[in-house]
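A.B. asks: Show me the folded form of this:
(one chain, ligands or ions: 1)
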Amino acid sequence: MNKIGIIGAMDEEVNIIKGQMLRVTVKTIASMDFYEGTFNGKEVVVVRCGIGKVNAAICTQILADLYHIDAVINTGVAGSLRNEIDIADIVLSTDTQQHDMDATGFGYGLGVIPRMERSIFEADKQMIDLAKAVCTEVIPNVGVHTGRIVSGDQFISDSGKKTWLVENFDGYCTEMEGAAIAQTAHLNQIPFLIIRAISDKADHSAEMTYSEFEEIAIKNTVKLLNGLVEKI
Ligand code: ADE
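C.D. replies: Residues are numbered from 1 along each chain as shown. I've put the predicted structure just below:
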């Protein structure tokens, strides 16, 4: 893979990577700053897309159209949806789904996108395997899980909503961009991987634990990205 797009939702996530890039040129498109250069010897475009699915989809489409990326990686934090997935663990996406896509009133299942041939988008198997191997090497003490990531334009910090999510979707963690990036990548035939470090448990304690663990979570994903980008 020649050129890799790396999308983070927030400044904190991409600042460390930007700081490690060489030969950087910056272009602002759709109010997003695209940093093109090399990272660990690999051509990359690093960008903070902003929060939510609309920002994430726009950003991915720009990476496809204007930068002709060969793969896209999304890093960031997420809320855990499973007891065995702890704060600071990492979840690698097998696939993604939007949990706030709801056309049930029109006869579709929850999370099903009307008139599309699929609503669950599969991550690139090779990128998943590579990421797993890099985790074992660079962050051996961090719990790494591989499973479905569910996304919606909602920060989940309510135990009732979390229970609803767990009961209706087979998600390992929840966040606000991954499924939009995955869908856009799929529509453009670009392989993708979502990498999320767990910052909270997506319940009443979410807001407090989020800020406490955000920093450590981000540091772990950056270590993983360093190794992954080099080997991809
Ligand atoms: N990102 C990190 N934690 C989250 C949560 N609880 N809900 C949605 N997005 C998140």
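
A.B. asks: For the longest helix belonging to the chain, could you pull out the residues that count as buried?
C.D. replies: Looking across the chain with DSSP state H, the single longest helix is helix 206-231. Of the residues in helix 206-231, 206, 209-210, 213-214, 217-218, 220-229 count as buried by neighbour count, 16 or more other CB atoms under 10 Å. C-beta here means a position set from N, CA and C on the backbone, and glycine is covered the same way.

A.B. asks: again with stretch 60-76
C.D. replies: Using 16+ other CB under 10 Å as the test for burial, stretch 60-76 gives Thr60, Ile62, Leu63, Ala64, Tyr67, Ile69, Ala71, Val72, Ile73, Asn74, Thr75, Gly76.

A.B. asks: Can you get me the start-to-end distance on that stretch?
C.D. replies: Using CA to CA, to the nearest Å, the end-to-end distance of stretch 60-76 comes to 15 Å.

A.B. asks: can you tell me the average pLDDT over it?
C.D. replies: If you average the pLDDT over stretch 60-76, you get 97.

A.B. asks: For it, what is the distance to the chain centroid?
C.D. replies: Relative to its parent chain, stretch 60-76 has a centroid offset of 12 Å by CA atoms, centre = their mean, to the nearest Å.

A.B. asks: what about that stretch, near the ligand?
C.D. replies: No: between stretch 60-76 and the ligand, judged by CB under 6 Å from any ligand atom, nothing touches; the nearest distance is 7.1 Å.

A.B. asks: Not counting sequence-adjacent ones, nearest residue to Arg196?
C.D. replies: Among residues not flanking Arg196 along the chain, Ala78 sits closest, at 3.7 Å (CB to CB, 6 or more residues apart in numbering).

A.B. asks: give me the beta-bridge partners of the one you found?
C.D. replies: Counting by DSSP bridges, Ala78 is bridged to Ile198.

A.B. asks: residues contacting it?
C.D. replies: Ala78 makes contact with Val91, Ile149, Cys173, Thr174, Glu175, Gly178, Arg196, Ala197, Ile198, Ser199, according to CB atoms under 8 Å, 6 or more residues apart in numbering.

A.B. asks: Could I get the full set of strands for the chain?
C.D. replies: Applying DSSP state E to the chain gives strands spanning 3-8, 22-29, 32-39, 42-48, 71-80, 90-98, 121-122, 144-151, 173-175, 192-200.

A.B. asks: What is the distance between the fifth one and the centre of its chain?
C.D. replies: Relative to the mean C-alpha coordinate of its chain, strand 71-80 is positioned 2 Å out (CA atoms, centre = their mean).

A.B. asks: Then the second one?
C.D. replies: For strand 22-29, the gap between its own C-alpha mean and the chain's C-alpha mean amounts to 22 Å (CA atoms, centre = their mean).

A.B. asks: helices or strands up against that strand?
C.D. replies: Judged by 3 or more CB pairs under 8 Å, 6 or more residues apart in numbering; DSSP states H and E, strand 22-29 is in contact with strand 32-39.
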